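Enquirer: Here's my sequence, what's the structure:
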Amino acid sequence: MITKVISTIFTLLAIPSIGFATPSLNEAKIAYDTGNYDVAEGKLTEIVEKFPDDPVALLMLGLTYDRLNNSLMAEKTFKNYLALSEDDFKPAPVGHLYLSRALRAEKKIFGSD
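Expert: Got it, this is the predicted structure:
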């Protein structure tokens, strides 16, 4: 299961363009990839409101909140993602959140290079 989650994250973050089933999700991915996190957040929020059990949208929304430095919403969204299938072990999104927090804290303490 961890391989599936890691694969999903790499698919979402590493591949420049993906033909998602819905144009809105594809637009959100493009906005995320180009650093337009506010636009991505708006599109993903709309998708999650319509399809609250969409794991790809939830994962992307959590990553977007993290990029916007909204750790509370990122954590809440990752928990919703994890709750979709309690039988699967999916630590990667939460691990991403905590790693991101640690790196930000390190940057505050030691400054940027």
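
Enquirer: which strands and helices sit next to the helix or strand where residue 62 lies?
Expert: Following DSSP states H and E, the helix or strand that holds residue 62 is helix 55-67. Packing partners of helix 55-67 (3 or more C-beta pairs under 8 Å, 6 or more residues apart in numbering; DSSP states H and E): helix 2-14, helix 23-33, helix 37-50, helix 71-83, helix 92-110. (Each C-beta comes from the backbone N, C-alpha and C, glycine too.)

Enquirer: What residue, apart from its backbone neighbours, is nearest residue 61 spatially?
Expert: Take residue 61 and drop its neighbours on the chain: the residue closest to it by C-beta to C-beta, 6 or more residues apart in numbering is residue 44, 4.1 Å away.

Enquirer: Quick one: residues contacting the spatially closest residue to residue 48 that is not a sequence neighbour.
Expert: Leaving aside its sequence neighbours, residue 48 sits nearest to residue 57 (C-beta to C-beta, 6+ apart; 5.2 Å). For residue 57, the contact set (C-beta atoms under 8 Å, 6 or more residues apart in numbering) comprises 25, 28, 44, 47-48, 51.

Enquirer: Now flag whichever of those is closest to residue 66.
Expert: Nearest to residue 66 out of those is residue 44 (C-beta to C-beta; 12.4 Å).

Enquirer: Who are the contact partners of that closest one?
Expert: 25, 28, 57, 60-61, 64.

Enquirer: now, which of the residues you listed sits nearest residue 35?
Expert: When the contacts of residue 44 are ranked by distance to residue 35 (C-beta to C-beta), residue 64 comes first, at 10.8 Å.

Enquirer: how many other residues sit next to residue 49?
Expert: Neighbour count of residue 49, defined by other C-beta atoms under 10 Å: 9.
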